[in-house]
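In: only the shape, not the letters, is given here:
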């Protein structure tokens, strides 16, 4: 049992906590002003396991009726302005979005060492991680603008690993999408039929943190689990390709990161198509 747990922790650390999620707090160069003045945003607090989580909810009150809800899971730097801006962008598209807090108390990191420590705490107790994710999901579902029968989750880097892990745990989601997230297969195969969500992986083909064998392992695990999934590979694209802060942070910490405007635009368009399909 100890060996299995150790392997699981090691897998999750590799899968979710590379020293690669862009941003000196991941938001240095990103325009954080919403382009849609009609979008309403609010700070939300919720609890999981006795820990207070600080989230950020965004929706467009001019949209009539209930609409699909989307969780946004942050990079390993923590719940920061990059995740919030993505939530606003989803609200601009007509969804209700909640940028979640997986670390608790709104903790964020400025250095990879701290980010790694925060991510390790999550990886060491995935039952607690699931409880935090579900607590955020409940907040999203209970918002008056959300249709609780239509929900999905997206994640970036660390967050991509989180949403894939939640799908493998059988959470009732319509879909999950991972942007430059880790896709390493678990130490034990995912049970057939256990994944309820459709899975979309948006991957940089030159990402050294997610090598081809890891991607092959992911495909094999999804195939044997009978999961509906799609992998989109952007050739010659490095890690953290959606974050405009990637270049400067890569230089600062000596990491192979690079923003790619084309892949960013294409992956966001593919996400919108994915949502049209699942909703």
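Out: Thanks, I have it. Quick caveat, the model's predicted, so the values are computed rather than measured.

In: please make it C-alpha for all contacts and neighbour counts, starting now.
Out: Noted.

In: residue 125: neighbouring residues, count only.
Out: Neighbourhood size, residue 125 [other C-alpha atoms under 10 Å]: 13.

In: also residue 69?
Out: Neighbour tally, residue 69, other C-alpha under 10 Å: 27.

In: hang on, it is in a strand, isn't it?
Out: Yes: the assignment for residue 69 (DSSP: H, G, I helix; E, B strand; the rest coil) places it in a strand.

In: what residues are bridge-paired with it?
Out: In this entry, residue 69 is beta-bridged to residue 96, residue 151, by DSSP bridges.

In: and what of the one 4 residues further on?
Out: Note on residue 73: beta-bridge partners residue 155, judged by DSSP bridges.

In: and it, what is it in contact with?
Out: Counting by C-alpha atoms under 8 Å, 6 or more residues apart in numbering, residue 73 makes contact with 79, 83, 99-102, 153-156, 158-160, 162-163.

In: do that again at 6 Å, thanks
Out: For residue 73, the contacting residues are 100, 155, 159, by C-alpha atoms under 6 Å, 6 or more residues apart in numbering.

In: most neighbours out of those, which is it?
Out: Neighbour count (other C-alpha under 10 Å) singles out residue 100 as the most crowded of the contacts of residue 73, with 34 neighbours.

In: from what I see, that one and residue 55 are in contact.
Out: Yes: with contact defined as C-alpha atoms under 6 Å, residue 100 reaches residue 55; the gap is 4.8 Å.

In: with adjacent residues omitted, what lies nearest to residue 244?
Out: Distances taken as C-alpha to C-alpha, 6 or more residues apart in numbering put residue 259 closest to residue 244, at 5.4 Å, once the chain neighbours are dropped.

In: so where does that neighbour fall, helix or strand?
Out: For residue 259, there is no enclosing helix or strand under DSSP states H and E.

In: what does residue 76 give?
Out: Short version: residue 76 belongs to no helix or strand, going by DSSP H and E.

In: so it touches residue 157, yeah?
Out: No: using C-alpha under 6 Å, residue 76 is not in contact with residue 157, being 7.0 Å away.

In: between the two, which is the more surrounded one?
Out: When residue 76 is set against residue 157 and neighbours are counted by other C-alpha under 10 Å, the residue ahead is residue 76, at 33 against 28.

In: which ones are touching that one?
Out: Contacts for residue 76 (C-alpha under 6 Å, 6+ apart) come out as 115, 158.

In: and the gap between it and residue 163?
Out: For residue 76, the distance to residue 163 equals 13 Å [C-alpha to C-alpha, to the nearest Å].

In: what about residue 276, how many neighbours?
Out: Counted with other C-alpha under 10 Å, residues neighbouring residue 276 total 9.

In: you'd agree it is in a strand?
Out: No: with three-state DSSP as the criterion, residue 276 is located in helix rather than a strand.

In: do a quick rundown of the helices in this structure.
Out: Using DSSP state H, the helices found in the chain span residues 2-16, 81-92, 112-123, 126-142, 158-168, 212-225, 246-253, 261-278.

In: as CSV, the ones you listed with mean pLDDT and distance to residue 70 would be great.
Out: Below are the helices of the chain laid out as CSV (pLDDT from 0 to 100; distance: least, C-alpha to C-alpha, whole Å):
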stretch, mean pLDDT, distance to residue 70
helix 2-16, 40, 20
helix 81-92, 96, 8
helix 112-123, 89, 21
helix 126-142, 97, 8
helix 158-168, 96, 11
helix 212-225, 96, 23
helix 246-253, 89, 24
helix 261-278, 98, 10
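
In: out of those, which gets nearest to residue 174?
Out: helix 261-278 (6.2 Å; C-alpha to C-alpha).

In: could you give me the buried positions within the closest one?
Out: 263-264, 267-268, 270-271, 274-275 (16 or more other C-alpha atoms under 10 Å).

In: who's in contact with that helix?
Out: residue 242.

In: and the angle for it with strand 67-73?
Out: Angle of helix 261-278 versus strand 67-73, following axes from the mean of the first three to the mean of the last three C-alpha atoms, to 10 degrees, is 140 degrees.

In: roughly how far is helix 261-278 from the heart of the chain?
Out: Remark: helix 261-278 is offset 14 Å from the chain centroid, using C-alpha atoms, centre = their mean, to the nearest Å.
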